[in-house]
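[1] Quick check, what structure comes out for this input:
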Amino acid sequence: MKDLKRSRFAVIIPARFASSRFPGKPLALLGGQPMIQHVYEQAVKSLENVFVATDDVRIKKAVLEFGGNVIMTSREHKSGTDRCSEAVSKIESERGLKIDTVINIQGDEPFIKPGQIDLLMSCFVDDSVEIATLIRKVLPGENLANINHTKVVITLKGDAIYFSRAIIPFLRDVNIDEWSYKHSFYKHLGIYAYRTDTLRKLTSLDRSPLEIAESLEQNRWLENGYRIRTALTDWESIGIDTPEDLKKANEMIKNFI
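    As a prediction, this is how the structure comes out:
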């Protein structure tokens, strides 16, 4: 396998304080530590270059207190992808690092495993890969209809064809209760990696019809001709979107390794 030059990869963790459902989420205590600290400490098990990108001085202060790297970014960003793009430019200019590939891990992913980061990096052994993301095979009997669980269909090579909140594909002449038993469905996990030059191009694209329809930014990239390589993982953590989710996470963190 070709040398991946791990020093040319960086994890960037976008983290904003404002949230309609859970204000201050990155600083919420999980197992006695800020959630953002858990994300950071999981990431540094895989890569040395890890940075939190935030627009809030409270988050900056917390990251510095646990010894992490932090980059201040604009409050105007609409997505974590946009925040990552600004952050990588500042890291390269202010820290003198040359970063070829950025791994975007959201600040509410305290249960990400280092092996998943390694899996994403392995996609870039193929020089043609511009963007990579993680997916998980849906287990028989799982609820496919949840619109908050994004589904994806892929090529035989593993490149994404389309992302949807609907169940895709549709299985003709099969009772819907049997779909997950009759076909391999894939759930998208929102962890991305991009080559740095590709990342900058993505942030210059206008919103696209399929992105607007599904409210999924990755469809904008597909509509503009970018390929997204998928990597299959069998681990998925819980999403922490509300204080109620945090209660579940505090139970989970007791046994998490």
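
[2] Flag the shaky bits of the stretch 51-200 of the chain, pLDDT-wise.
    Residues of the stretch 51-200 of the chain that meet the criterion pLDDT under 70 are absent altogether.

[3] how does it look with 90?
    Within the stretch 51-200 of the chain, the stretches with pLDDT under 90 are 78, 148.

[4] in a helix, that's where Ile103 is, yeah?
    No. Going by DSSP: H, G, I helix; E, B strand; the rest coil, the assignment for Ile103 is strand, not a helix.

[5] Kindly tell me how buried the nearest residue to Glu94 once chain neighbours are set aside is, as a neighbour count.
    Nearest non-adjacent residue to Glu94, counting by C-beta to C-beta, 6 or more residues apart in numbering: Ile71, 7.9 Å away. In short, each C-beta sits where N, CA and C put it, glycine included. When neighbours are counted by other C-beta atoms under 10 Å, Ile71 registers 23.

[6] dump the residue contacts of Ile71.
    Residues near Ile71 by C-beta atoms under 8 Å, 6 or more residues apart in numbering: 12, 51-54, 87, 90-91, 94.

[7] how does it look with 7 Å?
    For Ile71, the contact set (C-beta atoms under 7 Å, 6 or more residues apart in numbering) comprises 51, 53, 87, 90-91.

[8] The stretch 51-200 of the chain: strands as residue ranges?
    With strands called from DSSP state E, counting those that start in this stretch, the stretch 51-200 of the chain shows them at 70-72, 101-104, 131-137, 151-154, 160-164, 186-195.

[9] Reformat those as TSV; add distance to Ile212.
    What follows is the strands of the stretch 51-200 of the chain, written out as TSV (distance: least, C-beta to C-beta, whole Å):
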stretch	distance to Ile212
strand 70-72	30
strand 101-104	21
strand 131-137	20
strand 151-154	18
strand 160-164	13
strand 186-195	18
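
[10] Gln33 is nearest to which of those?
    Minimum separation from Gln33 across those (C-beta to C-beta) falls at strand 70-72, 15.8 Å.

[11] quick one: the closest one to chain centroid distance?
    The chain centre lies 18 Å from the centre of strand 70-72; the measure is C-alpha atoms, centre = their mean, to the nearest Å.

[12] Same question for stretch 180-192.
    Stretch 180-192 sits 15 Å away from the centroid of its parent chain (C-alpha atoms, centre = their mean).

[13] From one end of that stretch to the other, what's the distance?
    Stretch 180-192 has an end-to-end distance of 26 Å (C-alpha to C-alpha, to the nearest Å).

[14] and the residue most central in space within the chain, what does it touch?
    In the chain, the residue lying closest to the centroid (C-alpha atoms, centre = their mean) is Ile191, at 1.9 Å. By C-beta under 7 Å, 6+ apart, the residues touching Ile191 are 104-105, 109, 112, 116, 120, 133-134.
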